[in-house]
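[1] need coordinates for the below:
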Amino acid sequence: MTADAPAPSAAAGEWHGGQVTDRALCVLCPNPSPMTLDGTNTWVLLEPGATEAVVIDPGPLHETHLQAVVDAVAARGARVAQTILTHGHADHAEGAERFAELTGAPTRAVGRGHADLGDGDVVTVGGLELRVVATPGHTSDSLSFALPADHALLTGDTVLGRGTTVVAHPDGELAAYLSSLERIAALTGGGGVTSILPGHGPVVPDASAMVAFYRRHRAERLEQVRQALADGAAQAPDPVQAVVETVYADVPREVWPAAAQSVAAQVEYLRARSH
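    Residues are numbered from 1 along each chain as shown. The predicted structure is shown next:
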């Protein structure tokens with residue numbers, strides 16, 4: 001992270017989920033890693049006093065976690081009415097089929113052939129209103145969800161609670177990701193969204209500041225990649241790896257494979273705009 005990144009609301013290892021707004025409860029999956037940060041955030045959304053809940057991203061196929069989500073909903077006197085996926089990566093979606101067996105609730109997502117969600121759709125459950133915001137880029141199927149009553153946006157992996165995310169090339173695409181950041185910036189600029197409930201890491205209390213940082217970071221990285229290519233990486237046997245070794249030299253090597261995906265997306269973006 002660069003010096004102008006907003007301080008996270010919880011340091012590494014100190015985010016444990018819990019009730020974070022009047023309507024949003026985070027059940028944290030115990031699957032921490034360099035890529036998942038503290039673990040996958042499964043969000044339980046419930047209008048105060050209601051008996052029907054929406055669950056966002058049940059997470060991986062982790063039986064104890066899935067049962068913990070079911071129990072958290074039951075403890076609030078409610079049942080799961082719908083399960084929604086922000087995108088199809090396994091750490092968010094692998095447990096969806098098993099979760100459907102546990103709850104009897106339908107699963108909704110993009111491009112899965114059943115009850116697909118589209119940009120601008122409104123999901124209403126038990127008096128709770130969610131607005132679908134298409135935010136492709138991390139993956140082609142990435143969605144975010146605005147929770148107007150809490151001025152919050154659930155972003156999946158598009159914006160994280162700490163650090164920055166991966167443009168998962170080749171499914172992920174940088175031009176789409178930059179457009180998605182612009183779209184989120186517009187939502188935060190009007191005051192409609194003040195906080196971000198991410199797919200990993202702690203809640204972001206200042207959505208506008210975080211999105212501004214993400215946009216600066218992407219511009220800086222893109223310039224670094226452009227410079228590395230100009231300095232010789234473009235002639236290397238593996239230009240992407242050469243860029244990673246230069247631009248991400250200060251990043252732990254365990255995340256270099258993920259960095260390579262983002263670099264590949266940036267190289268493709270630059271090539272497309274050079275013709």
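[2] for the stretch 51-200 of the chain, what spans make up the strands?
    For the stretch 51-200 of the chain, the strands defined by DSSP state E, counting those that start in this stretch cover 52-56, 79-84, 107-108, 122-125, 128-134, 143-147, 152-156, 195-198.
[3] out of the ones you listed, nearest to V211?
    Between V211 and the strands of the stretch 51-200 of the chain, the tightest spacing by C-beta to C-beta is seen for strand 195-198, at 8.0 Å. Where you see a C-beta, it was placed from the backbone N, CA and C, and this is true even at glycine.
[4] so which elements touch the closest one?
    Judged by 3 or more C-beta pairs under 8 Å, 6 or more residues apart in numbering; DSSP states H and E, strand 195-198 is in contact with strand 41-45, strand 152-156, helix 207-230.
[5] for those, which one sits closest to A109?
    Minimum separation from A109 across these (C-beta to C-beta) falls at strand 152-156, 10.9 Å.
[6] what angle do strand 128-134 and that closest one make with each other?
    Here the directions of strand 152-156 and strand 128-134 differ by 50 degrees (axes from the mean of the first three to the mean of the last three C-alpha atoms, to 10 degrees).
[7] show me where the stretch 151-275 of the chain has its helices.
    With DSSP state H, counting those that start in this stretch, the ranges of helices along the stretch 151-275 of the chain come out as 174-189, 207-230, 239-247, 256-274.
[8] and for the stretch 1-150 of the chain?
    63-75, 90-93, 96-103.
[9] closest to V251 out of those?
    Judging the helices of the stretch 1-150 of the chain by C-beta to C-beta, what sits closest to V251 is helix 90-93, at 19.9 Å.
[10] residues of the closest one that come out buried?
    Across helix 90-93, burial judged by 16 or more other C-beta atoms under 10 Å covers 91-93.
[11] stretch 128-138 too?
    128, 130-138.
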